[in-house]
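[1] pasting the sequence and the predicted coordinates here, then a few questions.
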Amino acid sequence: MAESEINYIDIPQTGFSSEESTRKERLAAEEVAEKMASTPEKCDSQKQREEENPMEQNPADEGPSFQSPPPLSAAACSRCPCGEPVNFPNGDGFGLSPPPVPTNYRPIRAPALLTPPNTQAVILAPVPQAQKVSIVSAPYSFQIPCRRISSPVDIEHFHNSDSGRSFMGFVVALSESIRSHKISDECYESPSVKGIVEILGIMDAWIDEIPPVQQPARYGNPAFRQWQDRLHQGQELMDRLLAPDIRASIPEIFPYFTDSFGNAMRIDYGTGHEANFAAWLFCLARLGVITENDYQAVVSRVFVKYLGLMRRLQTTYWLEPAGSHGVWGLDDYHFLPFIFGSSQLVDHKYMKPKSIHNQDILDNFSDEYLYLSCVAFVKKVKKGHLAEHSPMIDDISAVPNWGKVNSGMLKMYKAEVLEKVPIMQHFLFGSLIKW
């Protein structure tokens, strides 16, 4: 008889009693079940085969030769793939609870406002308040400024000092001066304000005279170094602003000014350079060159002109973002326009924080409101949805009103810029901003 014609079912099983055969079959079935339970991949593949081949779901349909295995023991049924015992909710094995959520689960995008490690400290921190700037008087003791900050202890010393509180109060005062005002609103423009705007206009014209060089790399065009060389040779620009009796302050205030437009060696720009521009304006306030009556024009005329100059430098020479937070930051380069821009929109009748998602509003009002201008610029230079490349801005749009946005921006600026050693280690101190 050929091997294919042999009916193995009909061959009598000898040498084993029925009771002993049943016991051994049961033990073998338990061993197979435990091995299958310890390798869940095999179970999954078996399920897939069963879906593809319905005959495997009910092998008894194949014919009378099928013999169903004996039932598994309670020990095999009550163990999960990891080998640990399973506790059924109702005790009979039929009411299975859903599997627990893995501890390493992460959503596609975590909420942006919860990403900084000191978020709770920022939320609980008091909102910075505006302060008047004290004006220095003769006799003067001007000096070349130098760096002082190198550790968190130095950061704490600065913020506990009169200079630290006064500088932060100056930023808050500028923010309050532009509250509920558009950029084009009429305001008092002193000769000093007009002089600063004129200086920034001269520097803007230098870009036309120094075109970017052709290079394969996108960022860091070396022509920016030529622009910076011309800036460092322009101390006479300060003569346009200062009266003869305070021109001796030029060696002290000019380094703040030159550090406000990026770094020539690294060809980058960031919030630390922006803070130096605010420090330069603070020094002018300490000298009495600008007063509180100028604050609205300082934002709507001077800072807007400065921001336009920096945007042009960034897109012409493609400056690297210095210390960018990536998608978890507001902007790769700036922070202050978000403070001033949110203050502009406080108590606005129609535009709310969520209005930034309306492209028509961005197109028609970005020239009047700094916050909208920043969002429009971010969407211009970054591709994709706002929630993907700028989740921080996207999450802030859910805040109910601009007042909360502005107060949160002030607290965040103090915590994320003025309290960061990598940024403030380049900050300068002299006789006008004392250590």
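    On my side now, so go ahead.
[2] hey, let's count contacts and neighbours off CA atoms from now on
    OK.
[3] the stretch 301-435 of the chain: helices as residue ranges?
    Secondary structure of the stretch 301-435 of the chain (DSSP state H, counting those that start in this stretch): helices located at 304-316, 336-344, 359-365, 370-381, 386-389, 391-396, 402-416, 421-424.
[4] pick the most deeply packed of those helices.
    Of the helices of the stretch 301-435 of the chain, the one with the most neighbours on average (mean count of other CA atoms under 10 Å) is helix 336-344, at a mean of 26.
[5] in terms of secondary structure, what does that helix contact?
    Taking 3 or more CA pairs under 8 Å, 6 or more residues apart in numbering; DSSP states H and E as contact, the helices and strands that helix 336-344 lies on are helix 162-177, helix 370-381, helix 402-416.
[6] ok, and what's touching it?
    Here helix 336-344 makes contact (CA atoms under 8 Å, 6 or more residues apart in numbering) with 174-176, 178-182, 274, 299, 369-372, 374, 402-403, 405-406, 409-410, 413.
[7] do that again at 6 Å, thanks
    175, 178-181, 369-371, 402, 406, 409 (CA atoms under 6 Å, 6 or more residues apart in numbering).
[8] farthest-separated two in the residues you listed?
    Farthest-apart pair in the contacts of helix 336-344 is 181 and 409; separation 18.0 Å (CA to CA).
[9] and of the contacts of helix 336-344, the nearest to residue 305?
    residue 370 (11.5 Å).
[10] what sits closest to that closest one if chain neighbours are left out?
    In this structure, residue 370 finds its nearest non-sequential neighbour in residue 341, 4.3 Å apart by CA to CA, 6 or more residues apart in numbering.
[11] to residue 292, which of the helices and strands packed on helix 336-344 lies closest?
    Per CA to CA, nearest to residue 292 of the helices and strands packed on helix 336-344: helix 162-177, 8.5 Å.
[12] same for that closest one, what does it pack against?
    helix 295-297 (3 or more CA pairs under 6 Å, 6 or more residues apart in numbering; DSSP states H and E).
[13] give me that answer again for 8 Å
    helix 271-286, helix 295-297, helix 336-344.
[14] include mean pLDDT and distance to residue 227 when you put the ones you listed into JSON lines, please.
    Shown next, in JSON lines, are those (pLDDT from 0 to 100; distance: least, CA to CA, whole Å):
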{"stretch": "helix 271-286", "mean pLDDT": "96", "distance to residue 227": "16"}
{"stretch": "helix 295-297", "mean pLDDT": "97", "distance to residue 227": "27"}
{"stretch": "helix 336-344", "mean pLDDT": "97", "distance to residue 227": "24"}
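[15] distance to residue 430 added to the ones you listed, as JSON lines?
    Converted to JSON lines, the helices and strands packed on helix 162-177 look like this (distance: least, CA to CA, whole Å):
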{"stretch": "helix 271-286", "distance to residue 430": "10"}
{"stretch": "helix 295-297", "distance to residue 430": "23"}
{"stretch": "helix 336-344", "distance to residue 430": "23"}
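[16] which stretch among those helices comes nearest residue 308?
    Taking the helices and strands packed on helix 162-177 one by one with CA to CA, helix 336-344 is closest: 11.2 Å.
[17] quick one, that closest one and helix 304-316 angle?
    140 degrees (axes from the mean of the first three to the mean of the last three CA atoms, to 10 degrees).
[18] tell me how far helix 336-344 lies from the chain's centre.
    The chain centre lies 17 Å from the centre of helix 336-344; the measure is CA atoms, centre = their mean, to the nearest Å.
[19] what about residue 225, neighbour count?
    By the measure other CA atoms under 10 Å, the count of residues near residue 225 is 18.
[20] where does pLDDT dip in the stretch 251-400 of the chain?
    Where the stretch 251-400 of the chain drops to pLDDT under 70, the residues are 324-329.
[21] related to what we said a few turns ago, adding distance to residue 237, write the helices of the stretch 301-435 of the chain out as TSV.
    Output for these, formatted as TSV (distance: least, CA to CA, whole Å):
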stretch	distance to residue 237
helix 304-316	15
helix 336-344	24
helix 359-365	33
helix 370-381	27
helix 386-389	39
helix 391-396	37
helix 402-416	30
helix 421-424	26
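[22] ok, which of those comes nearest residue 141?
    helix 421-424 (24.1 Å).
[23] just the CA trace of that closest one, in PDB.
    Provided in PDB are the C-alpha atoms of helix 421-424 (Å, rounded to 0.1, in the frame of the first residue of the first chain):
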ATOM      1  CA  VAL A 421      22.100  82.000  31.200                       C
ATOM      2  CA  PRO A 422      22.900  81.100  27.500                       C
ATOM      3  CA  ILE A 423      21.100  84.400  26.500                       C
ATOM      4  CA  MET A 424      22.000  86.700  29.300                       C
END
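[24] buried residues in stretch 416-435, which are they?
    Within stretch 416-435, the residues that qualify as buried are 416-419, 421, 423-433, 435, counting by 16 or more other CA atoms under 10 Å.
[25] would you mind measuring from residue 241 to residue 290?
    When distance is defined by CA to CA, to the nearest Å, residue 241 is 10 Å away from residue 290.
[26] overlap in contacts, these two.
    Common neighbours of residue 241 and residue 290, using CA under 8 Å, 6+ apart, are residue 192.
[27] any chance you could map the strands in this protein?
    Shown for the chain, the strands assigned by DSSP state E span residues 146-147, 268-269, 320-321, 428-429.
[28] partner strands of the third one, parallel or antiparallel?
    For strand 320-321, the pairing partners within the sheet under DSSP bridges are strand 268-269 (parallel).
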